[in-house]
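*Asks:* build me a structure from this.
(one chain, ligands or ions: 1)
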Amino acid sequence: MRRARSYHVRAIAVRSRPLGEADAIVTLFSAERGKLDVAARGVRRPSSRLAAAAEPGVEAEWSLHRGSSLEVASAAKIVREYWDRMRDPDRLIASAAALATVDALCEPELAVPDLYDALCGALAAIAAAEDPFVYLPRWYMRALALLGLAPPADACVQCGGALGEGSAWLDASAGGLVCARCRPAWSDLPELTAREIAEFAGLAAPSGAGARVRVGSAVAASARALVLHHAGRQVPAIANAPVSPAEHRR
Ligand SMILES: [Zn+2]
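*Replies:* Down below sits the predicted model:
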């Protein structure tokens, strides 16, 4: 699709990395265009009007124009920010984990409008929460589901057989749950009981379709392990963010 030379896009800033002396490349996530990198000139100068909009987690209406290699930001008008609430370090850590998920899982320039809405919802929930880490497992599984990466909760990802009423084991390297027969004997995979498998399914379910937010620690850790598997690389912002009260107290 040919785009006009200048255009607007509503997007959430995901991360920013320095470029030259005062510029930065800001990774944005938008409903219309998915993840895209834009050059923000002078954004690291104190007088920059783009700096606040380029802060991770801020939603803004960006004015962009096509440069020779990257899109170049000319202006940005903030739509939503949670600065006051993000003084709480737990909320900041949880919000960073949510943004890192988009950065790790999304292909550039691939629009996933439902994921944009889910991210807006997750950031709002985290910003308002007393225990923001509670929201991470659901966010991880919804992100996987909306990207077509969530494993079935009723079948073994190795043999395709029904899991039935018994336990299953989370084999993150296989991308989902495995049955007793496919479970590698030499490895100590986390076991999920039938009740926990139902929680696992609820994490990925759309709102109203048996959706779950609060789950046990084994299920929560399974959601994180799957996101890290699909990221295909180390993502400290996700790996180090607690997903259950037990981890949080440690
Ligand atoms: Zn199997």
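*Asks:* going forward, measure contacts between C-alpha atoms and count neighbours the same way
*Replies:* Noted.
*Asks:* pop the domain breakdown of the protein in here.
*Replies:* The chain breaks down by automatic domain parsing into domains covering 6-80, 85-249.
*Asks:* can you check which of those domains gets nearest to the ion?
*Replies:* domain 85-249 (4.1 Å; Cα to the ion).
*Asks:* now the closest one: average pLDDT?
*Replies:* On average, the pLDDT along domain 85-249 is 95.
*Asks:* in the chain, which strand has the most residues?
*Replies:* Criterion DSSP state E: the longest strand present in the chain is strand 6-19.
*Asks:* sheet partners, orientation included, of that one?
*Replies:* Looking at strand 6-19 with DSSP bridges, its partner strands are strand 23-30 (antiparallel), strand 59-66 (antiparallel).
*Asks:* what does that strand rub up against?
*Replies:* With contacts defined as Cα atoms under 8 Å, 6 or more residues apart in numbering, strand 6-19 is touched by 24-32, 53-66, 99-100, 102-103.
*Asks:* ok, of these, which come out buried?
*Replies:* With burial judged by 16 or more other Cα atoms under 10 Å, the buried subset of the contacts of strand 6-19 is 24-31, 53-65, 99-100, 102-103.
*Asks:* so which of those residues reach the ion?
*Replies:* Among the buried ones among the contacts of strand 6-19, proximity to the ion is found for none (Cα under 5 Å from the ion).
*Asks:* quick check, central residue of the protein?
*Replies:* Closest residue to the average C-alpha location of the chain: Thr101 at 2.9 Å, with Cα atoms, centre = their mean.
*Asks:* would you mind giving the secondary structure of that residue?
*Replies:* Assigned with DSSP: H, G, I helix; E, B strand; the rest coil, Thr101 falls in the helix class.
*Asks:* now it: how far from Gly34?
*Replies:* 13 Å (Cα to Cα, to the nearest Å).
*Asks:* tell me the secondary structure for the closest residue to Ala172 other than its chain neighbours?
*Replies:* Among residues not flanking Ala172 along the chain, Leu226 sits closest, at 5.3 Å (Cα to Cα, 6 or more residues apart in numbering). With three-state DSSP as the basis, the three-state label of Leu226 is helix.
*Asks:* so who does Leu226 touch?
*Replies:* Leu226 sits next to 172-173, 175-176 when contact means Cα under 8 Å, 6+ apart.
*Asks:* show me what Arg66 bridges to in the sheet.
*Replies:* Beta-bridge pairing for Arg66 (DSSP bridges): Glu71.
*Asks:* burial count for the nearest residue to Ser30 once chain neighbours are set aside?
*Replies:* Closest residue to Ser30 apart from its sequence neighbours, by Cα to Cα, 6+ apart: Ala11 at 4.2 Å. Here the number of neighbours of Ala11 (other Cα atoms under 10 Å) works out to 27.
*Asks:* hmm, back to that, how far away is the residue nearest to the centre of the chain from Leu92?
*Replies:* Per Cα to Cα, Thr101 is found 14 Å from Leu92.
*Asks:* then Ala73?
*Replies:* For Ala73, the distance to Leu92 equals 26 Å [Cα to Cα].
*Asks:* which one's more surrounded, these two?
*Replies:* The residue with more neighbours, out of Ala73 and Leu92, is Ala73; 24 against 21, by other Cα under 10 Å.
*Asks:* quick one: average pLDDT of the strand or helix carrying that one?
*Replies:* Assigned by DSSP states H and E, Ala73 falls within strand 71-80. Average pLDDT, strand 71-80: 96.
*Asks:* which strands and helices lie in contact with that strand?
*Replies:* Under the contact criterion of 3 or more Cα pairs under 8 Å, 6 or more residues apart in numbering; DSSP states H and E, strand 71-80 touches strand 34-40, strand 59-66.
*Asks:* ok, back up a step: now the angle between strand 34-40 and the longest strand of the chain, please.
*Replies:* Per axes from the mean of the first three to the mean of the last three Cα atoms, to 10 degrees, the angle that strand 6-19 makes with strand 34-40 is 70 degrees.
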